[in-house]
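Q: show me the folded form of this:
(2 chains)
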There are 2 protein chains.
Amino acid sequence: MNHEYFMNLAIKEAKKGIGKVNPNPLVGAVIVKDGKIISKGYHEFFGGRHAEIMAIDNAKKNNNDIKGATMYVTLEPCSHFGKTPPCAYRLVKEGFKEVYIGMLDPNPLVNGNGIKILRNNGIKVQYGILEKQIKELNEIFITYITKKRPYIALKFAMTLDGFIATKKYDSKWISNEKSRKFVHKLRNYYSSILVGSNTLIKDNPKLTCRLKNGRNPIRIILDEKGVFENKKLNIFDEKGRNIIFTKKIIKDSIKNTEIINEINIKEIIKILYQKNIDSILVEGGATVLSSFLKLNLVDKMHVFYSPKIIVNGVSPFRNITINSIRESIKFKCKKVKSIDDNVYWELEACLRE
Amino acid sequence: MNHEYFMNLAIKEAKKGIGKVNPNPLVGAVIVKDGKIISKGYHEFFGGRHAEIMAIDNAKKNNNDIKGATMYVTLEPCSHFGKTPPCAYRLVKEGFKEVYIGMLDPNPLVNGNGIKILRNNGIKVQYGILEKQIKELNEIFITYITKKRPYIALKFAMTLDGFIATKKYDSKWISNEKSRKFVHKLRNYYSSILVGSNTLIKDNPKLTCRLKNGRNPIRIILDEKGVFENKKLNIFDEKGRNIIFTKKIIKDSIKNTEIINEINIKEIIKILYQKNIDSILVEGGATVLSSFLKLNLVDKMHVFYSPKIIVNGVSPFRNITINSIRESIKFKCKKVKSIDDNVYWELEACLRE
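A: Okay, the predicted model is just below:
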């Protein structure tokens, strides 16, 4: 049993917070004494106690003596007074001997200061354990903090020859049932879901997360012309919150729904950031997907291929001219897996200027 | 060690014939006596000794006594006088006690008769061992024998959004180097390779197999208008054989090249069958790929996806109208794997009427 082993357990703890902590990071902690795990904890919900404190409290609840123990924590303990007092001082106070850390806090208010506090108080600190994995786990948080905008993921399902719908806009169903179930995991993972008005009107989607214990993402609609007005749409009946961006001035208020008169995507992204929305799953259609791609506002893509050919249909992207393969917009392959007869491909954007 | 174990070894033997035995089947044989493998053999080249005879001869070369031994053979021993005398009688003559068979010979001249001969002569016979794998191994042979036409596989590489080239026909390089190397394995596996005149003129490809110990597939060109005439093209300089289908009457003869005045694909397929060509790898371009798809002449597709977006380009297929997803042309997923940053997808056609 080595450091990786315990850090892996801390990662497992951290993952329990998926869908609940945004825009906070996912953090897990494990306390080990004399080679034995005496306590675990994770950041459970936004504004809640930090993972370190949860683990300490859990240990005390079971009358475990922490003094001289070792903590494994996925993220650097905080050093500033935020919603909670700084964890670094608490670790000092509790008399930890060693602290193993996954990644530094990208928040400039912390970044390295947590470690300084620990070291200045005689605690042995090592960081960078399973760092790559932990950074991936917190890709949303890192982007949100460092780029000061929500993390943006595109999702679309295509026929094997690259169409998200037939020319007559039939898209039911390109992907298989299992793939569509998987999409609900994504909806639980990202804090908001965004679609354009075509999708809203044609499909009348619920845009909910149908996972057991899942939570509905905030539903964001880009509806320039305000065609949603006076329509009975499923999103107005579902639990959760809607934000509609439109040019149209809407007089009547709608339950659960905020109307914002803005249609410029860059401005919309700023507004969402100010609303503490740390991540967006853009589900289409083509016009919306293309706008994000064109503006270089894509961090990740979740692509599903189905073993079907329709020869001529609607492509996921449009309105961008690329003449040579060299000019193509490139991605990094993150994951490939088959979901029954579908292929799921997770792709990460390459840096573009 | 059970029957599957020995049959697996026979399969391994059979695979040694890949690229060499067409239009014969791939066959491997293993002889076991007292639980010990005493000999192996495989069908090495078209017209050569059958796997059973190879294994028997190999046993004798090493002074092994076959009498009372067990044979594992992937395909039913033949019962008719073809290029070689029937293997079934030879097995009887050699005094085999048991014969374990992978699959029945689909050839109506044999189908079950080989087994009858063995059983009528007191040999214990069991068949259907690893049958599914062995049928896959001989998908070309089975199609060739039962459908009386070559097995047809399409191969194309696409950007992730489904384009085989930009609008300006740039396609260098969509797929990565490792994927392109893999294509040479396919070229060694299929006995012929087929492209249209656009591909011939624009890319001036060699259409060779660049595997060590590989053999060049027969190069088949569909060139309706005969634009190849008087052009210096790589295919005329490469080892192997060219067949050009065209409307144009060509007077001069060209080295290694046969000109056939036929452009109807169904007729072309018949001609190739009559020439004992058991399989075709159709490598494009879009016009040619589409013709085969339209005529329902597709047994398999080898598709490569590259993590690039070009938004607007050349689709692999055209000239077919499909209005709803329900009408789409469906495939079965055979294999998915990542080749570095590319995704390789092997698809098998679903029966269409």
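Q: from now on I want contacts and neighbour counts done on CA atoms only, so please keep to that.
A: Fine.
Q: residues of the stretch 51-200 of chain A that sit close to chain B?
A: Within the stretch 51-200 of chain A, the positions near chain B by CA under 8 Å from any CA of the partner chain are A:160-163, A:165-168, A:170-174.
Q: make it 10 Å
A: Counting by CA under 10 Å from any CA of the partner chain, the stretch 51-200 of chain A comes close to chain B at A:158-174.
Q: quick one, strands of the stretch 151-300 of chain A?
A: Here the stretch 151-300 of chain A has its strands, by DSSP state E, counting those that start in this stretch, at A:151-159, A:165-166, A:192-196, A:218-222, A:242-245, A:257-260, A:279-284, A:300-306.
Q: nearest residue to residue A:335 in space, please, no chain neighbours.
A: Setting aside the residues directly before and after it, residue A:335 is nearest to residue A:346 in space (CA to CA, 6 or more residues apart in numbering or on different chains), at 5.0 Å.
Q: before we move on, back to that, I'd like the strands of the stretch 151-300 of chain A as a markdown table, with mean pLDDT and distance to residue A:106 appended.
A: Formatted as a markdown table, the strands of the stretch 151-300 of chain A follow (pLDDT from 0 to 100; distance: least, CA to CA, whole Å):
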| stretch | mean pLDDT | distance to residue A:106 |
| --- | --- | --- |
| strand A:151-159 | 98 | 15 |
| strand A:165-166 | 96 | 40 |
| strand A:192-196 | 98 | 22 |
| strand A:218-222 | 98 | 25 |
| strand A:242-245 | 98 | 29 |
| strand A:257-260 | 97 | 31 |
| strand A:279-284 | 96 | 17 |
| strand A:300-306 | 98 | 20 |
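Q: for residue B:316, which of these is the nearest?
A: With CA to CA, the closest approach to residue B:316 among these belongs to strand A:151-159: 12.3 Å.
Q: what's the angle between that closest one and strand A:279-284?
A: If you take axes from the mean of the first three to the mean of the last three CA atoms, to 10 degrees, strand A:151-159 sits at 30 degrees to strand A:279-284.
Q: flag the shaky bits of chain A, pLDDT-wise.
A: The model of chain A has pLDDT under 70 over residues A:1, A:82-84, A:352-353.
Q: just want the most central residue of it.
A: Centroid-nearest residue in chain A: residue A:190, 4.1 Å away (criterion: CA atoms, centre = their mean).
Q: neighbours around the closest residue to residue A:317 other than its chain neighbours, how many?
A: The shortest distance from residue A:317 to any non-neighbouring residue, by CA to CA, 6+ apart, is to residue A:290 (4.8 Å). Neighbours of residue A:290 under the rule other CA atoms under 10 Å in any protein chain shown: 21.
Q: got it, and the one 3 residues further on?
A: The tally of other residues near residue A:293 (other CA under 10 Å) stands at 19.
Q: does residue A:70 touch residue A:30 like I think?
A: Yes. Using CA atoms under 10 Å, residue A:70 is in contact with residue A:30, at 8.4 Å.
Q: just to revisit the earlier point, tell me the contacts of the residue nearest to residue A:335?
A: Going by CA atoms under 10 Å, 6 or more residues apart in numbering or on different chains, residue A:346 touches A:155, A:300-304, A:331-337, B:307.
Q: and the residue nearest to residue A:317, what does it touch?
A: Neighbouring residues of residue A:290 by CA under 10 Å, 6+ apart: A:154, A:284, A:296-297, A:315-320, B:311.
Q: before we move on, what about residue A:298?
A: A:151-154, A:280, A:282, A:289, A:291-292, A:348-351 are the contacts of residue A:298 under CA under 10 Å, 6+ apart.
Q: quick check, nearest of the residues you listed to residue B:26?
A: Closest approach between the contacts of residue A:298 and residue B:26, by CA to CA: residue A:348, at 42.5 Å.
Q: distance of residue A:7 relative to residue B:92?
A: To residue B:92, residue A:7 is 66 Å away according to CA to CA, to the nearest Å.
Q: these two: who's more crowded?
A: The residue with more neighbours, out of residue A:7 and residue B:92, is residue A:7; 25 against 18, by other CA under 10 Å.
Q: pull out the buried positions in the helix or strand encompassing the more buried one.
A: Using DSSP states H and E, residue A:7 falls within helix A:3-15. Neighbour-count burial for helix A:3-15 flags A:6-15 (criterion: 16 or more other CA atoms under 10 Å in any protein chain shown).
Q: what is it packed up against?
A: strand A:28-33, strand A:36-42, helix A:51-61, strand A:70-75, strand A:98-103, helix A:131-137 (3 or more CA pairs under 10 Å, 6 or more residues apart in numbering or on different chains; DSSP states H and E).
Q: ok, which of the ones you listed comes nearest residue B:251?
A: Closest to residue B:251 of the helices and strands packed on helix A:3-15, according to CA to CA: helix A:131-137, at 65.7 Å.
Q: buried ones in whichever helix or strand comes after that closest one?
A: Moving toward the C-terminus from helix A:131-137, the next helix or strand (DSSP H and E) is helix A:139-146. By 16+ other CA under 10 Å, the buried positions in helix A:139-146 come out as A:139-145.
Q: chain B: which of these is nearest?
A: Among those, residue A:139 lies closest to chain B (CA to the nearest CA), at 20.1 Å.
Q: ok, for the closest one, nearest residue in space, not its chain neighbours?
A: residue A:151 (7.8 Å).
Q: just the contacts of residue A:290 now: which is nearest residue A:125?
A: residue A:297 (36.9 Å).
Q: now that closest one: closest residue in space, sequence neighbours ignored.
A: residue A:152 is the one closest to residue A:297 (CA to CA, 6+ apart), at 6.6 Å.
Q: so how far is residue A:295 from the one you found?
A: On the measure of CA to CA, residue A:152 and residue A:295 end up 12 Å apart.
Q: cool, and residue A:307?
A: Distance of residue A:307 to residue A:295, computed by CA to CA: 31 Å.
Q: and these two? which has more neighbours close in?
A: Per other CA under 10 Å, whichever of residue A:307 and residue A:295 has more neighbours is residue A:307, with 25 against 10.
Q: picking that back up, want to try TSV for the helices and strands packed on helix A:3-15, with mean neighbour count as columns?
A: Below are the helices and strands packed on helix A:3-15 laid out as TSV (neighbours: other CA atoms under 10 Å in any protein chain shown):
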stretch	mean neighbour count
strand A:28-33	26
strand A:36-42	21
helix A:51-61	21
strand A:70-75	31
strand A:98-103	24
helix A:131-137	16
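Q: closest one to residue A:259 among the ones you listed?
A: In terms of CA to CA, the element of the helices and strands packed on helix A:3-15 nearest to residue A:259 is helix A:131-137, at 32.6 Å.
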